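Asks: A predicted structure for the sequence below; I have some questions about it.
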Amino acid sequence: MKKLLIATLSCLPLLAQAQGPSFPCRQGGSSAERLVCQTPALAKLDRQLASTYRAALAKTGQPQRATLKAGQRGWIKGRDDCWKAADLAACVRDSYTLRIAELQARYQLLPAQAQVRYQCGTNAANEMQVRFYATEPATLIAERGDRSELMYQQPAASGARYAGRNSWLWEHHGEATVVWEWQGQEEVCQAQP
């Protein structure tokens, strides 16, 4: 009985670690880190992000690896800035879910659900390739010329609406209305066979 108790007690740190976040919890961490350490659902999201980040690193070559690492450091700083939000827990949760979806789409960790080529306007050279991903939330990557935009699905009364940092796309019945840059003009693009 005593050996069983000792064996059980020695496993507790491993069990606690498996349920905690991917980083060591410490007293002096940011308010976001402390919240992740105290909240099982957020700790689970942290472990999921750590796994997704490792998978993205494994898919990148050396030049892109530095960019990915810098992006992750920037994301951590952004997550830690959630102390400024009215709802710290919601901000931290959203920060994790958006980062996981971003890495899954940008590094093609999930297969594209669909790929559509759109012709924008009458100029044959003005086309856009769009890959849709079943991430949570749903995402797309739109490529046009030498630019690539990640967009997240937004609520819409009809069709599917996605918004990115400087652009948005609303798809409805094979037609996409697109704004490609901040305060740019709306364009109507037709899906091509």
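Replies: Arrived safely, thanks for sending.
Asks: What score does L4 have for pLDDT?
Replies: According to the prediction, L4 has pLDDT 41.
Asks: wait, H172
Replies: 92.
Asks: That one against S158, yeah?
Replies: Yes. Between H172 and S158 there is a contact under C-beta atoms under 8 Å: 6.1 Å. C-betas here are computed from N, CA, C, even on glycine.
Asks: More neighbours: which of the two?
Replies: Neighbours were counted for H172 and for S158 using other C-beta atoms under 10 Å; H172 has more, 12 against 8.
Asks: Return the residues in contact with the more buried one.
Replies: 158-160 (C-beta atoms under 8 Å, 6 or more residues apart in numbering).
Asks: Over to R47?
Replies: By C-beta under 8 Å, 6+ apart, the neighbours of R47 are 21-22.
Asks: after the helix or strand bottoming out on mean pLDDT in the chain comes which helix or strand?
Replies: Scoring the helices and strands of the chain by mean pLDDT, DSSP states H and E places helix 2-19 at the bottom, with a mean of 46. Once the chain leaves helix 2-19, the next helix or strand it forms, by DSSP states H and E, is helix 31-38.
Asks: Using PDB, list the CA coordinates for that next one.
Replies: Taking C-alpha atoms only, helix 31-38 is exported to PDB below (Å, rounded to 0.1, in the frame of the first residue of the first chain):
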ATOM      1  CA  SER A  31      -1.400  38.700 -15.900                       C
ATOM      2  CA  ALA A  32      -2.200  36.800 -19.100                       C
ATOM      3  CA  GLU A  33       0.300  34.100 -18.200                       C
ATOM      4  CA  ARG A  34      -1.000  33.800 -14.600                       C
ATOM      5  CA  LEU A  35      -4.600  33.500 -16.000                       C
ATOM      6  CA  VAL A  36      -3.500  30.700 -18.400                       C
ATOM      7  CA  CYS A  37      -1.800  28.900 -15.500                       C
ATOM      8  CA  GLN A  38      -5.000  29.200 -13.400                       C
END
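Asks: Pull out the buried positions in that helix.
Replies: 32-33, 35-37 (16 or more other C-beta atoms under 10 Å).
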